[in-house]
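K.L.:
Got a sequence here, can you model it:
(chains A and B, ligands or ions: 2)
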Number of protein chains: 2
Amino acid sequence: MTDYRRLRVALLGAGAVGSQVASLLLRHGDELADRAGARLELVGIAVRDVDAPRDVELPRELYTTDAETLITGADIVIELMGGIEPARSHILLGLGSGADVVTANKALLATHGPEIYEAADRVGASVYYEAAAAGAIPIIRPLRDSLAGDRVVRIMGIVNGTTNYILDRMDTEGADFADVLADAQRLGYAEADPTADVEGYDAAQKAAILASLAFHTTVPLESVHCEGITTITASMIEEARDAGFVIKLLAVCERLDGDGTESISVRVYPALVPRSHPLAAVHGANNAVFVEAEAAGSLMFYGAGAGGVQTASAVLGDVVSAARRHIAGGTGVGESTRANLPIVSIGHVMTRYQITLEVPDEPGVLATIAGLLSDGHVSVATLVQTMVLAEDGSEGTSARLIIGTHRATDSALRDAVERLADSDVVERVVSVLRVEGE
Amino acid sequence: MTDYRRLRVALLGAGAVGSQVASLLLRHGDELADRAGARLELVGIAVRDVDAPRDVELPRELYTTDAETLITGADIVIELMGGIEPARSHILLGLGSGADVVTANKALLATHGPEIYEAADRVGASVYYEAAAAGAIPIIRPLRDSLAGDRVVRIMGIVNGTTNYILDRMDTEGADFADVLADAQRLGYAEADPTADVEGYDAAQKAAILASLAFHTTVPLESVHCEGITTITASMIEEARDAGFVIKLLAVCERLDGDGTESISVRVYPALVPRSHPLAAVHGANNAVFVEAEAAGSLMFYGAGAGGVQTASAVLGDVVSAARRHIAGGTGVGESTRANLPIVSIGHVMTRYQITLEVPDEPGVLATIAGLLSDGHVSVATLVQTMVLAEDGSEGTSARLIIGTHRATDSALRDAVERLADSDVVERVVSVLRVEGE
Ligand SMILES: NC(=O)c1ccc[n+]([C@@H]2O[C@H](COP(=O)([O-])OP(=O)(O)OC[C@H]3O[C@@H](n4cnc5c(N)ncnc54)[C@H](OP(=O)(O)O)[C@@H]3O)[C@@H](O)[C@H]2O)c1
Ligand SMILES: NC(=O)c1ccc[n+]([C@@H]2O[C@H](COP(=O)([O-])OP(=O)(O)OC[C@H]3O[C@@H](n4cnc5c(N)ncnc54)[C@H](OP(=O)(O)O)[C@@H]3O)[C@@H](O)[C@H]2O)c1
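P.N.:
Ligands and ions are numbered 1, 2, ... in the order given. Presented below is the predicted three-dimensional model:
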């Protein structure tokens, strides 16, 4: 066996991900040493409660509540506690004492990323976070390294497993949001408090991380427009299917090129995706990130976006990278945010829309509606009118209009829809959905 | 503008890929400098004929036929000539004179990879080859870095665009191989001499590269079992569809775990893939690599496997990585082939098979066939019998049997099929196909 140099690895957190990381580090020590060119010695695991019962059996003497001492003696610090504090301070302490840092903490990076990257830059250390954007799916290295010579034009990601699971089941079963959510909670696919997932906050954090990397721009979480899936109904999904679409919660990061001045837009919302698009085939709790680049064309990365052991795989890949860097010497490669493109607000973003209205089945209605839209600079591309049956199944007096628009800005669309809602010829605005991936 | 250090970049070859690399290097100089932390100065382009007419317009003074002088003055050498010599000597010269090397040369790496990696190791330089395995699709970094802490169990790749294009069109149009091939040649999807593609040689080179990396083992090209798609007929594809499969040319790299001693198998052949498998949805000339890892689970990487500008994206990503390494200092990370697992021959590989036979429509035939198979240690999992109509459309005297087997070794299967072919109760062995991805 090769006599490798030893690197001291400090693990912060032994939860869903951390316990799996520890277990893999201990079980696959020899193989990891061959990969890393160094023996990765797990010197301690910081937790809140040393005596807490744990699913994964690990040597008791590794646990400690004294994270600081653990960190200052380490070559590599793996932060898997989650949350902002003390994770942030621990990471800064690690960088300050010469360690490379591996983290999966999307909440922290989406809010305090720049502070952490700068701290690493100052000391020539590296921060690795492959697991923070799409769990086990390698997306950070492709964006940071493989596409470094290309220009990313657009990213469309299904980056939240819970919401994809819910929408997929609504799609296959025709079930309603609340019912599927309840079942997903029972089965462990959704948390007791599902807010972060179903409101899109988790996806927004990941979108901020992906966009920062893809566009070399600091993207504050507040600049990410965010809508969740709580308003999606079974009938919206059914109508989408009839029109050849599936509804997915998408994180969209887009480069906009208006009159030679570039800007970017980062947003999370449920959108209509054509059934023929590769993203439409992403089922269950799986994630996928679809990337369009100027030279490379369309790429897609698919896999498990979460799960303790799956995420641990990505974390360990980072640990091996950190170890190789320690062995090779040299300084770390800092985050490159030199482009720092302006971020436009959602109002300026242009997409196609699908607007569903209930209107009286009378002559002249169509003309009035088309007029209202075009006054608001929204032009109609497709139009389908169907009969709305009365309660007793007889022919009703209302019609349902499904309007596909040409590309329009979000603010123009919003104004136009408001005007429609106020108009005498519209009984009800049933839904307004953006179309992506056409 | 930041005042970056300059790195001298030598480009060998200005063909489909090289010309695009040169053009991007020149057009995106500022952005690339920001990404790389160094100004990438294209100091020359080695070609055979300086005066040849070229599709992409580049400064004439960059061309040279003196590759050696160009190489010895460079910090980064990009080899895009293809073929074994002089590509091999040029790369060794570059490494010997302190340059990092970027190449897309699958033929060279599949045959002389170890020599080149060792030469790089000796001087602490790096060889980058993201474009050699799947064109624009980032697969080398995910395997080398992201999955470095995990254990790859299986790779199934659609890594040849030409054959996927042909099979896909045969599938959608019900057309025959020869007709689609001719049309593909006319459209530029297949070369005038299509041998390397349709016989699976190109895919075998890529399989050798992927398996070397995934299993940390030197995989000589001769150890890759290789079958092409020239024997695939329209009716085989139709029968596959009826049974819920699509036929894809797959590069399969597999870790085998027999009685505690590990080995690997690397093979290329057309196989039946369930229509529900993500690989079944890879259409046209696109490529995809499906990776199963112990911790990460199933991952898929999808995109353009070839094309000048697409491939140039992957090459430039490597150039930026090489530049960053130069700037950061330290030694390169060598190929890790420390596992060096034994490679088993195709005879020992186990898969499921689908055997299609024409047999007389008589009592007792089924029992005889089942007996012949089980004598040969191949057991029947599923069986479908259909009538074969006579020429005039009347009921014939033959039946068609489609037998799905349980997993069996390739040698057992081959023996059993030979016995079937020799038997009185079999009129014709219509096809034998392996099943992957179930
Ligand atoms: N779970 C996933 O599938 C997944 C996927 C991608 C990314 N991530 C990210 O990975 C990170 C970890 O997630 P997780 O699911 O493993 O979390 P978790 O199960 O909640 O585990 C958190 C661990 O950190 C420890 N901890 C928390 N606060 C601490 C403190 N103040 N001092 C010391 N120890 C503390 C806890 O100690 P005790 O055990 O003593 O309570 C626990 O062991 C998060 O940033 C998450 O966003 C998770
Ligand atoms: N094309 C793709 O889509 C693709 C995708 C993935 C990987 N690759 C790989 O990328 C490499 C380049 O492919 P390509 O399609 O760009 O090849 P190509 O179009 O045939 O171009 C080859 C270039 O190399 C030059 N060259 C060849 N032999 C030379 C010699 N002895 N001395 C000096 N120059 C020489 C040629 O010079 P002249 O122009 O003067 O003849 C030409 O410019 C190959 O290894 C290939 O396998 C290609």
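K.L.:
Dump stretch A:309-321 to PDB, keeping only the CA atoms.
P.N.:
The C-alpha trace of stretch A:309-321 is given here as PDB (Å, rounded to 0.1, in the frame of the first residue of the first chain):
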ATOM      1  CA  VAL A 309     -26.100   9.200   0.400                       C
ATOM      2  CA  GLN A 310     -26.600  10.700  -3.100                       C
ATOM      3  CA  THR A 311     -25.600  14.200  -1.900                       C
ATOM      4  CA  ALA A 312     -22.700  12.600   0.000                       C
ATOM      5  CA  SER A 313     -21.300  11.400  -3.300                       C
ATOM      6  CA  ALA A 314     -21.000  15.000  -4.500                       C
ATOM      7  CA  VAL A 315     -19.500  16.100  -1.200                       C
ATOM      8  CA  LEU A 316     -16.800  13.500  -1.300                       C
ATOM      9  CA  GLY A 317     -16.000  14.400  -4.900                       C
ATOM     10  CA  ASP A 318     -15.300  17.900  -3.600                       C
ATOM     11  CA  VAL A 319     -13.200  16.500  -0.700                       C
ATOM     12  CA  VAL A 320     -11.000  14.600  -3.200                       C
ATOM     13  CA  SER A 321     -10.600  17.700  -5.300                       C
END
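K.L.:
Tell me if that stretch is near chain B.
P.N.:
Yes - legend: contact between stretch A:309-321 and chain B by C-beta under 8 Å from any C-beta of the partner chain is shown at A:309-310, A:312-321. C-betas here are computed from N, CA, C, even on glycine.
K.L.:
Show residues contacting that stretch.
P.N.:
A:9, A:16-17, A:20-21, A:24-25, A:32, A:35-36, A:40, A:76, A:78, A:80, A:102, A:104, A:126, A:128-131, A:135-138, A:303-304, B:145-150, B:293-297 (C-beta atoms under 8 Å, 6 or more residues apart in numbering or on different chains).
K.L.:
Which ones among these lie within strands?
P.N.:
Secondary structure defined by DSSP state E assigns A:9, A:40, A:76, A:78, A:102, A:128, A:303-304, B:293, B:297 of the contacts of stretch A:309-321 to strands.
K.L.:
can I get these in CSV with pLDDT and neighbour count?
P.N.:
Below are the ones in strands among the contacts of stretch A:309-321 laid out as CSV (pLDDT from 0 to 100; neighbours: other C-beta atoms under 10 Å in any protein chain shown):
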residue, pLDDT, neighbour count
A:Val9, 98, 26
A:Leu40, 97, 26
A:Ile76, 98, 29
A:Ile78, 98, 32
A:Val102, 98, 31
A:Tyr128, 96, 27
A:Gly303, 96, 27
A:Ala304, 92, 24
B:Ala293, 97, 25
B:Gly297, 97, 19
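K.L.:
so who does A:Lys206 touch?
P.N.:
Contacts of A:Lys206 by C-beta under 8 Å, 6+ apart are A:106, A:110, A:132-134, A:157, A:159-160, A:251.
K.L.:
Checking it next. Helix, strand or coil?
P.N.:
Using DSSP: H, G, I helix; E, B strand; the rest coil, the structure places A:Lys206 in helix.
K.L.:
Would you list the strands that the element among helices and strands of chain A having the smallest mean pLDDT pairs with, along with their directions?
P.N.:
Using mean pLDDT, DSSP states H and E, the weakest-scoring helix or strand in chain A turns out to be strand A:380-389, at a mean of 86. Strand A:380-389 has the following strand partners under DSSP bridges: strand A:395-405 (antiparallel).
K.L.:
I'd like to know which elements the next helix or strand after the strand it pairs with is packed against.
P.N.:
Using DSSP states H and E, the helix or strand that follows strand A:395-405 in sequence is strand A:408-409. Applying 3 or more C-beta pairs under 8 Å, 6 or more residues apart in numbering or on different chains; DSSP states H and E, one finds that strand A:408-409 contacts strand A:350-360.
K.L.:
Going by contacts, tell me the helices and strands next to the helix or strand that the strand it packs on is followed by.
P.N.:
Per DSSP H and E, the first helix or strand lying C-terminal to strand A:350-360 is helix A:365-375. Using 3+ C-beta pairs under 8 Å, 6+ apart, the elements in contact with helix A:365-375 are strand A:350-360, strand A:380-389, strand A:395-405, helix A:410-422.
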